[in-house]
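Enquirer: give the three-dimensional model of this entry:
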Amino acid sequence: MSEESISLAELSIPAALPPRKCAGYLAKGENLLVSVALAIMLVLPLAQAILRRTVHISIPASVAIVQHMVLIVGMLGGAIAAREQRLLALSNIADTKLAGKWKDASRVFTSAVGAVVCVFLAQAAFQFSWAERESGHTLGYGIPTWVVQCILPLSFAVIAVRILWLSSAKAVPRCGCLLMAILLLALVSRVPVSGNHVVTIALALMFIASVLGVPAFVTLGGTALILFRSVDQPIASIPIAHYALVTNPTLPTLPLFTLAGYFLTEGGSPKRLVRIFYALFGQFRGGPAIVTVLVCAFFTSFTGASGVTILALGGLLMPVLTGAHFSDKDALGLLTGAGSLGLLLPPCLPLIVYAIVAKVSIEKMFLGGICPAFVMMIATALWGIRRGGKVEPAQRSFDSKEVLAALWDAKWELFMPIFASIALFSGLATPVEAAAATAFYAFIVATVLHRELKFFGDVPRVMAECGLLIGGVLLILGVSLGFTNYLVDAEIPARAVEWTTRTIHSPLLFLLLLNLFLLVVGCLMEIYPAIVVEVPLLVPLGAAYGIDPVRLGIIFLANMEVGYLTPPVGLNLLMSSYRFREPVPKVLRATLPIILVLFVGVLLITYVPTLTTALPGWFGR
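Expert: The predicted model follows:
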């Protein structure tokens, strides 16, 4: 694979251990199942929409089947992420700060903790699916619901085994990890989690494991398990919450829009878009900065992962910036910062996740994010223009022939956002059907119109990669919802509202403190667990101060956009460090000006509510 077409598939740190032959067959089987599930999610809504509009009939149980395909994609994708050692973690201190025996010991400890938590999650999921078996519910066509739900305990069990196996490349540390896991299981099973001392010790161990790099879903799921057992509540409530989330009627939009972005990213679309934007803006001072902002925002909005943007486009855009006499530092900072710019543009994943968790309209979130997204993009582009203007050589002349040729070459990619918007906002299709239509459009562009992806050779690989990302995200969201439910049962949000409204009387002061709080959250948490854990607490607070949940969501996500660039969890810093082979401190120093620029944008979004509320109000949604 060339440097310019590097994909997220290459990001496997530490590298996955080479599978044996049987493990290779298992991996191919998992990839195939994920691809089939995604294909069903794509085809069924399209068929449903066509049949409803033409012959006025519907496919029986199609909605339920699509929802349960999300469950399959999420759990199998999580198992694949564990296989490839790409489960998202809240911290990477063990990998970046420790070495030698200390690093090996920390990996054994975190793997043992992760495996134990997965075993208890598998047990809880088994209790849930067994209870569903006794209920006799069916999914459709005579398929018992519990049969599909069995993917929950099976996947958690597979993840536990893989975490143990990948704890080390050597047999002795693996055996030590297994022994530690067995001891922890025995200890937790025999010692009742009651009393402040036991709960405190258990939470402290979970905190240490989190700092050392245990997967984020283990942190949140383990914390939920401890808290539920401390109040003698059934742990099956965690997989129940997980199941309720992933079978949410609107959640299929998340993997489908992501799949559309992956089809574009893995083809030649990045080169075509760079060409067209460079033809349009390259003659201006700082034109390459504008190109970088536009291309990165476009791809992040569809893939939902800024790391994918940096990995896929870094090799293309870095030479464009340095060739325009940007310093290496400015080019590195601009590329790192621009990677997260599309988070507020529809149909980006965080917008969908926030809408589901906050129980607001996805269409409203999409409309509310457009103007704030352009504020962040314009602010970043202006900084890039200023930095590039001093050193850029004589301006290029505008070449109308090149513009027309580039426009024609990239016509299908440029039409894609228009196609998605028409499908989503016209009322002709449901959000899930619009997402399926967009994914199908991207599939046709990549496989038929441009013929850059082979149907049997490349498409399953791209779909498996998409499933990996979705699985990693849904694992976090599912177990996080169980943790959130505990907070709700403990009346934490109600108490937070009462204390805050009694202490802070000004909505403006509340918004300022909210921004400071969210910046800290962005420094410490990945965006998806942050949404599921914090949003149920913040939405009631916002309502108490008369802040619309859509506006609150855009403020929240704008802060998280800055959080992608801040240590210790800042994903863009890590992706950029990996992609350009530069140490994280150097990347951080290069990105600091962009962080300040984006924070100014956050303040504008926070204190100018019209930026967020104008479009949803205009379209009456």
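Enquirer: now residue 147: closest residue in space, sequence neighbours ignored.
Expert: residue 139 (7.9 Å; C-beta to C-beta, 6 or more residues apart in numbering). Yep, even glycine has a C-beta here, placed from its N, CA and C like the rest.
Enquirer: give me every residue that touches the one you found.
Expert: With contacts taken as C-beta atoms under 8 Å, 6 or more residues apart in numbering, residue 139 has the following neighbours: 61, 64, 65, 68, 145, 147, 148.
Enquirer: quick one: list the elements packing against the lowest-mean-pLDDT helix or strand in the chain.
Expert: Using mean pLDDT, DSSP states H and E, the weakest-scoring helix or strand in the chain turns out to be helix 93-97, at a mean of 71. Packing contacts for helix 93-97, counted by 3 or more C-beta pairs under 8 Å, 6 or more residues apart in numbering; DSSP states H and E, involve helix 100-135, helix 196-212.
Enquirer: export these as JSON lines, with columns for mean neighbour count.
Expert: Conversion of those to JSON lines gives the following (neighbours: other C-beta atoms under 10 Å):
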{"stretch": "helix 100-135", "mean neighbour count": "20"}
{"stretch": "helix 196-212", "mean neighbour count": "16"}
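Enquirer: can you tell me which of these comes nearest to residue 267?
Expert: Nearest to residue 267 among these is helix 100-135 (35.6 Å), distances taken as C-beta to C-beta.
Enquirer: remind me what the closest one packs against, helices and strands.
Expert: Of the remaining helices and strands, those touching helix 100-135 by 3+ C-beta pairs under 8 Å, 6+ apart are helix 93-97, helix 145-149, helix 151-165, helix 171-190, helix 196-212, helix 216-230, helix 237-246.
Enquirer: okay, now the residue nearest to residue 353 when sequence neighbours are not counted: neighbour count?
Expert: What sits nearest to residue 353 in space, not counting adjacent residues and going by C-beta to C-beta, 6+ apart, is residue 531, at 5.2 Å. Using other C-beta atoms under 10 Å, residue 531 has 26 neighbouring residues.
Enquirer: which of the helices or strands spans residue 531?
Expert: Residue 531 belongs to helix 527-544 when assigned by DSSP states H and E.
Enquirer: tell me what angle that helix forms with helix 237-246.
Expert: 80 degrees (axes from the mean of the first three to the mean of the last three C-alpha atoms, to 10 degrees).
Enquirer: relative to helix 216-230, how tilted is helix 527-544?
Expert: Put simply, helix 527-544 runs at 60 degrees to helix 216-230, going by the same axes, to 10 degrees.
Enquirer: remind me which residues of the stretch 501-621 of the chain are low pLDDT?
Expert: When the per-residue scores of the stretch 501-621 of the chain are filtered using pLDDT under 70, the ranges that remain are 524, 568-571, 574, 578, 620-621.
Enquirer: contacting residues around the residue nearest to residue 215 when sequence neighbours are not counted?
Expert: With sequence-adjacent residues excluded and distances taken as C-beta to C-beta, 6+ apart, residue 215 is closest to residue 87, at 3.9 Å. Contacts here follow C-beta under 8 Å, 6+ apart; on that basis residue 87 touches 78, 81, 215, 216, 217, 472, 475.
Enquirer: can you count the residues close to the second one?
Expert: Residue 81 is surrounded by 24 other residues when neighbours are defined as other C-beta under 10 Å.
Enquirer: same check, this time on the fifth one
Expert: Residues contacting residue 217 under the criterion other C-beta under 10 Å number 31.
Enquirer: test my guess that it contacts residue 471.
Expert: No: using C-beta atoms under 8 Å, residue 217 and residue 471 do not qualify as a contacting pair, with a distance of 10.1 Å.
Enquirer: tell me the pLDDT at residue 471?
Expert: At residue 471, the model reports a pLDDT of 88.
Enquirer: quick check: residue 87 is in a helix.
Expert: No: in this structure, residue 87 is coil, not part of a helix, as judged by DSSP: H, G, I helix; E, B strand; the rest coil.
Enquirer: how much space between it and residue 24?
Expert: In this structure, residue 87 and residue 24 are 21 Å apart, going by C-beta to C-beta, to the nearest Å.
Enquirer: cool, and residue 549?
Expert: In this structure, residue 549 and residue 24 are 47 Å apart, going by C-beta to C-beta.
Enquirer: between those two, which has more neighbouring residues?
Expert: Shown here are residue 549 and residue 24; by other C-beta under 10 Å, residue 549 has more neighbours (23 against 11).
Enquirer: the more buried one: what's it in contact with?
Expert: Counting by C-beta under 8 Å, 6+ apart, residue 549 touches 358, 360, 539, 542, 543.
Enquirer: contacts only, for the third one.
Expert: The neighbourhood of residue 539, defined by C-beta under 8 Å, 6+ apart, consists of 358, 549, 552.
Enquirer: before we move on, back to that, make a markdown table out of the contacts of residue 139 and add distance to residue 47.
Expert: Listed next are those as a markdown table, based on distance: C-beta to C-beta, whole Å:
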| residue | distance to residue 47 |
| --- | --- |
| 61 | 13 |
| 64 | 15 |
| 65 | 11 |
| 68 | 17 |
| 145 | 22 |
| 147 | 23 |
| 148 | 20 |
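Enquirer: got a quick PyMOL command for the buried subset of these?
Expert: Command for PyMOL, covering only those of the contacts of residue 139 found buried under the criterion 16 or more other C-beta atoms under 10 Å:
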select buried, resi 64+65+68+145+148
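Enquirer: tell me the two of the contacts of residue 139 that are most distant?
Expert: Of all pairs drawn from the contacts of residue 139, the widest gap by C-beta to C-beta lies between 61 and 147 and measures 14.0 Å.
Enquirer: what does stretch 319-337 contact?
Expert: 274, 278, 287-289, 291-292, 296, 310, 313-314, 317-318, 380, 383-384, 387-388, 391-393, 565, 572-573, 576, 580, 582, 586-587, 589-595, 597-598.
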